[in-house]
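>>> Coordinates for the following, if possible.
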Amino acid sequence: MVWECFYGSMIGYLWPLLEGRNNAIKYVEILEYTLSDVHMELSEMGIDYPVFMQDNSPIHTSKLAGA
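Down below sits the predicted model:
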């Protein structure tokens with residue numbers, strides 16, 4: 001399984017999840033590792049206020065993920 005993000009017509013980071021199932025801890029680690037880089041790239045392209053969207057998966061809405 002993999003986690004990937006996209007923005008506009010660009011494909012962002014690809015994160016392999018090679019062991020077990022995804023959970024809130026892994027999800028937060030992915031965001032900590034990738035989100036600042038994505039935001040920096042968007043800022044360099046002149047996109048200063050990106051919208052971060054996710055579905056209602058339990059790992060996205062967990063207390064650990066800040067939902």
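
>>> can you pull the pLDDT of residue 34?
With respect to pLDDT, residue 34 scores 81.

>>> meant to ask about residue 17
68.

>>> same deal with residue 47?
pLDDT, residue 47: 83.

>>> Next, count neighbours for it.
13 (other C-beta atoms under 10 Å). Backbone N, C-alpha and C define where each C-beta goes, glycine included.

>>> Show the contacting residues for it.
7, 8 (C-beta atoms under 8 Å, 6 or more residues apart in numbering).

>>> Just the element for it, please.
Using DSSP states H and E, residue 47 falls within no helix or strand.

>>> What distance do you get for it to residue 29?
For residue 47, the distance to residue 29 (C-beta to C-beta, to the nearest Å) stands at 25 Å.

>>> tell me the SS of residue 12?
strand (DSSP: H, G, I helix; E, B strand; the rest coil).

>>> what about it, how many neighbours?
Residue 12 - counted by other C-beta under 10 Å - has 16 other residues nearby.

>>> Can you give me the distance of the spatially closest residue to it that is not a sequence neighbour to residue 63?
When the adjacent residues along the chain are set aside, residue 12 lies closest to residue 5, with 3.8 Å between them (C-beta to C-beta, 6 or more residues apart in numbering). As defined by C-beta to C-beta, residue 5 lies at a distance of 22 Å from residue 63.

>>> Which one's more surrounded, the two?
For residue 5 versus residue 63, neighbours defined as other C-beta under 10 Å are more numerous around residue 5 (17 against 7).

>>> Secondary structure element for that one, which one?
If you go by DSSP H and E, residue 5 is part of strand 2-7.

>>> and that strand, average pLDDT?
73.

>>> Which elements pack onto that strand?
If contacts are counted by 3 or more C-beta pairs under 8 Å, 6 or more residues apart in numbering; DSSP states H and E, strand 2-7 sits against strand 10-16, helix 24-44.
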